[in-house]
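Chemist: Model the structure of this input:
(2 chains)
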There are 2 protein chains.
Amino acid sequence: MSDMSTKWEDLPKKYETLAGRALTTAIVHDEVEPTCHPLREKNKFVISPGLLAGTPAPSSGRLSVGGKSPLTGGIKEANAGGLTATRLGKIGIRAIVIEGMPDTDDWYSIVVGKEKAEIVKTNDYAGMGLYDLIEKIGEDYDHRPGIIGCGIAGQRLLKSAGIFGNNIENTDPGRYAGRGGLGAVLGSKRIVAIISDDHGCDTPKPKDEDKFTEGRKALAKALNNHPVTGRLEDEEGNPYGGLKNYGTNILMNIINEAGGLPTRGFKSGRFDHAAKVSGEAVHELVDKTNKKFGDKAEGKYGHPCHPGCVMACSNIVPYEDTGKAHVSPLEYESAWALGTNLEISDLQDVAELNRLCNDLGLDTIEAGNTLAMLMEGGMIDYGDGPAAIKALKQAYDASSPLGRLVCSGAKVVGETLGVSRIPVVKGQSLPAYDPRAIRGIGVTYATSTMGADHTSGYTIAAEILGVKGKVSDPREIEKAELSRNFQATTAYIDSSGYCVFIAFAILDDDDGFNGMVDTVNGFLGKEIDVAQYGLDVLEMERNFNKAAGFTNKDDRLPEFFHTEQLPPHNVTFDVPPEEIDKVYEDM
Amino acid sequence: MSDMSTKWEDLPKKYETLAGRALTTAIVHDEVEPTCHPLREKNKFVISPGLLAGTPAPSSGRLSVGGKSPLTGGIKEANAGGLTATRLGKIGIRAIVIEGMPDTDDWYSIVVGKEKAEIVKTNDYAGMGLYDLIEKIGEDYDHRPGIIGCGIAGQRLLKSAGIFGNNIENTDPGRYAGRGGLGAVLGSKRIVAIISDDHGCDTPKPKDEDKFTEGRKALAKALNNHPVTGRLEDEEGNPYGGLKNYGTNILMNIINEAGGLPTRGFKSGRFDHAAKVSGEAVHELVDKTNKKFGDKAEGKYGHPCHPGCVMACSNIVPYEDTGKAHVSPLEYESAWALGTNLEISDLQDVAELNRLCNDLGLDTIEAGNTLAMLMEGGMIDYGDGPAAIKALKQAYDASSPLGRLVCSGAKVVGETLGVSRIPVVKGQSLPAYDPRAIRGIGVTYATSTMGADHTSGYTIAAEILGVKGKVSDPREIEKAELSRNFQATTAYIDSSGYCVFIAFAILDDDDGFNGMVDTVNGFLGKEIDVAQYGLDVLEMERNFNKAAGFTNKDDRLPEFFHTEQLPPHNVTFDVPPEEIDKVYEDM
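Modeler: This is a model prediction of the structure:
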């Protein structure tokens, strides 16, 4: 971007087996100075579709973006569904690396397609709400392109800014590689959108077609047969299966029941009104409005986030009074961050907050925790949905200090308001599981190379959801090995293009696991060791962070988790530092 | 403060030779968990008068306060003049250690005197402007007590909050141990003020009275004879001597001439209108208003900051239209931070900004850099004094997001506005010397245990002011030894109770140096090695910071000092990391 040039490069041999997170991590590790300022010319913004993106492997269309994070100061990979990964996979792009920074007030977009990579001046795209932007890009470009980019928050270089992606069948910018403020890195490069068009391109060809095909069939079968991810029907022919009916937000009642649902800014593990913003409530609202508004209704559950996803855990939440699409999707993490944790239990308010985040280009987890800090600091009352909506809307006004704050992340806002119980690790807000009640996820929060992040090592599967049997009591404190294993496997999955939710099926079903491995090995024509591949990715990330100045002191939860008891079980986070340090003791 | 109790303790043997910075550092090092949250119960707030405070040694009435800094996350000592050090010295208190945190919304003050230490509920003191508070305490307590405490900013736990102290002869809370946000630590303990009354107490007795007396006479002579600090008269009987006539703000024109005066948010090293806010301009204003308003005029230069100071470098800046006291003092650092660096050249505006800082309880250096970030982020125009005043006044309104921001320090505000050129080290704002033009002070900024801090190793004396001859070219890059020597000597001086400005005389005059040493040794009845004493203090501070998670990556200037050239000399900060790391290579 410094000289406004583009060039194509062959995939270097050393990156042959890398894609998705492994490749964004390797490029950032190899090419970005760890101590550089994340919002200046030395940082890079890297985009890489998962290895199998664009192939017919089931649920394999995830896109990774990476760089040095302005939120954590460390390495960052964030991933999402949407259309872009499959578009890039078909174009044959393993990664896009955006370097430098223009010395200009102009705004640009990047357009890629078959043998095409252009930097286009698009000042008219800047400053728009993202619903409008997606509609406009849809008018400007044929073939329903993949779109990712940053919104107002990223263009203003603010820490809660995520990378949005467009949805499959509507103009909701709801596909977020949300975390770590990477939207601000893209904004610092003066780029609004990256538009990808795979018209005229072919499906990527596996090296070992037979192994690949056998693998994808085995995996698809495992996914379809598993009660969490499956396409199952009861005796009356009604579909069942957790994700398809209730989406990720099926977790709301489960985690609440477990006493681990962070409420009122991490002051309780249970919220009396959690059910009102749960997946079941969304399901009911969709059914109700579909019945009432018939063909005009747009609500949906069992909606895929990217082409070829068989799990289809996403949704479209309708307005109650019109049945039209309000926001798509409303995930568990968002319903928690913008609902439960703020004690907001009006589903329409929560959907509106999520819509605003999508429109502004904000990570919902960071934005929700930020609103919690405004409540903790006394600027808004807990439970006041309209006030939270009003505060978030301030972000459209460039001259509003509150508007900037509300996009700046929980740490900055908590500190601005003198709050001493800010739930962040490495500067990044905690997700929707209280680490005092569920210790393994606390160890992941503490040690993840990404800052507090549930998806980087989702021990909840073993601690609460009973995948592979309930292998780890949530209140045990020996969690280093559990967290490390989840983190390593996740790093592999995040590189493959597969959604992390295939974990339920592959952990419970060996045929599914082998199927996954066969698709990757078949595609590459190589044998890859799953655990080692993941550990190698983690080691690069860990090394980057060390070189950026991180020590084991950064692998800790905030003090209040150790000193304030969490109702209803009245527990603190009791995992000792020595146990936490075991996760990465050899890295 | 957790159980509202007080107790007296004898000075432990291990602390026998420690006072001031050495003692606050030792207690924080020994008793505060380095990773604790600075605004919660585990942090401590330590107050210690310099060793010689209360004695007749010249200019020895400095007070140190210490704790873990909410601004830097590391150890912090800040010191100031005022009345409290001499009061505590005479009461016979070597240190006050404030521990714990009450679980209450009430506010307290601590009253100490002869055999008296009380915690008093003083809710009426909270939320007041500090000019009013000092007046009120003056009405409530006899004997013109020493007063230190925190203002609105500290009571709201904000990062720019300093510890104010009262002036000798007016109600200006202008004696600031400003840096590091220690006002917020006091606020977190729910304390507004510490009131000290030495009525009925005696002057502390040196162990070796003769040596002490001889030493203080030799030092006083050196101070009085030195052109920077002296009481000299020209042939016509007019006093001359830099500090007495022009105060610290004599530096404004000198540093501007050197091309090292940070201007417009560290974008230039020279400001065309610097002279308008210089010490010479203040001197002229005082003369003019004194002539015009006669007995009613309150302007002054050559004003001491604590009883017994022979240098008297402070001032009282009058309102131009009434001659009444506007602010006392206006120091170089403040005139720079609130003037030059903001391109504000109206002396009355600068004085008003300083008065507001004093009233709110803000460190002027941090507050000025914070205003610069508001300008850099486009919320205020550079050079617009009235807009800056208006922004700062927002701080009185508890519900104003801008009001909170303006007290939250340059880092938080810069990040909230997407600024990528934030002039901080370890989170603390840079003072009034651009490190690109004067590299030694840059090495001090980078390596000081305190975050960016000029007083912790004032190499300017050798690089610009020509003390002991101009021993170090400002543009040289071999500065590790220079900075280390200044840092060690300063740590000793900051412990003795002496003002750091005695450095001019003791560096140029061996009799003065020996006099200083004799006063300390005479007081203690021991022989102290100056350099080793200082190095021991630095080593404790360095160890604390390491245990808190600091690495050499924290000993660096922000990236833009390395990449953006500074006019007029068009230089960058070229000291390599290896040279910087030499400062503390054995600690």
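Chemist: Does residue A:495 fall in a helix, a strand, or a coil region?
Modeler: Under DSSP: H, G, I helix; E, B strand; the rest coil, the three-state class of residue A:495 is helix.
Chemist: Number of residues surrounding residue A:386?
Modeler: For residue A:386, the neighbour count with other CB atoms under 10 Å in any protein chain shown is 12. The way it works is simple: take the backbone N, C-alpha and C, and place the C-beta from them, glycine included.
Chemist: List the contacts of it.
Modeler: By CB atoms under 8 Å, 6 or more residues apart in numbering or on different chains, the contact set of residue A:386 is residue A:349.
Chemist: Assign it to helix, strand or coil.
Modeler: Look at residue A:386: counting by three-state DSSP, its state is helix.
Chemist: How much space separates it from residue B:221?
Modeler: According to CB to CB, to the nearest Å, residue A:386 stands 72 Å off from residue B:221.
Chemist: now do residue A:15
Modeler: Distance, residue A:15 to residue B:221, using CB to CB: 73 Å.
Chemist: what do you get for residue A:291?
Modeler: Residue A:291 is 97 Å from residue B:221, by CB to CB.
Chemist: what do you get for residue A:214?
Modeler: Distance from residue A:214 to residue B:221, counting by CB to CB: 95 Å.
Chemist: Tell me how many other residues surround the closest residue to residue A:552 other than its chain neighbours.
Modeler: Nearest non-adjacent residue to residue A:552, counting by CB to CB, 6 or more residues apart in numbering or on different chains: residue A:581, 5.4 Å away. Neighbours of residue A:581 under the rule other CB under 10 Å: 15.
Chemist: and residue A:581, that's in a strand?
Modeler: No - assessed with three-state DSSP, residue A:581 is helix; it does not lie in a strand.
Chemist: Kindly report the residues of the stretch 151-300 of chain A close to chain B.
Modeler: A:156-159, A:184, A:187-188 (CB under 8 Å from any CB of the partner chain).
Chemist: how does it look with 6 Å?
Modeler: A:156-158 (CB under 6 Å from any CB of the partner chain).
Chemist: and of these, the nearest to residue B:473?
Modeler: Residue B:473 has its nearest neighbour among those in residue A:157, at 37.9 Å by CB to CB.
Chemist: check contacts around the closest one.
Modeler: A:39, A:184, A:187-188, B:418 (CB atoms under 6 Å, 6 or more residues apart in numbering or on different chains).
Chemist: go with 8 Å
Modeler: A:39, A:70, A:184, A:187-188, B:418-420.
Chemist: What of residue A:297?
Modeler: A:289-290, A:318, A:323-324.
Chemist: ok, back up a step: and residue A:291 and residue B:221? which has more neighbours close in?
Modeler: Ranked by neighbour count (other CB under 10 Å), residue A:291 and residue B:221 place residue B:221 first, with 18 against 10.
Chemist: right, and that one touches residue B:516 too?
Modeler: No - contact criterion CB atoms under 8 Å: residue B:221 and residue B:516 do not qualify, at 11.8 Å.
Chemist: Which two of the contacts of residue A:297 have the greatest separation?
Modeler: Between any two of these (CB to CB), the greatest distance is 11.8 Å, for A:290 and A:324.
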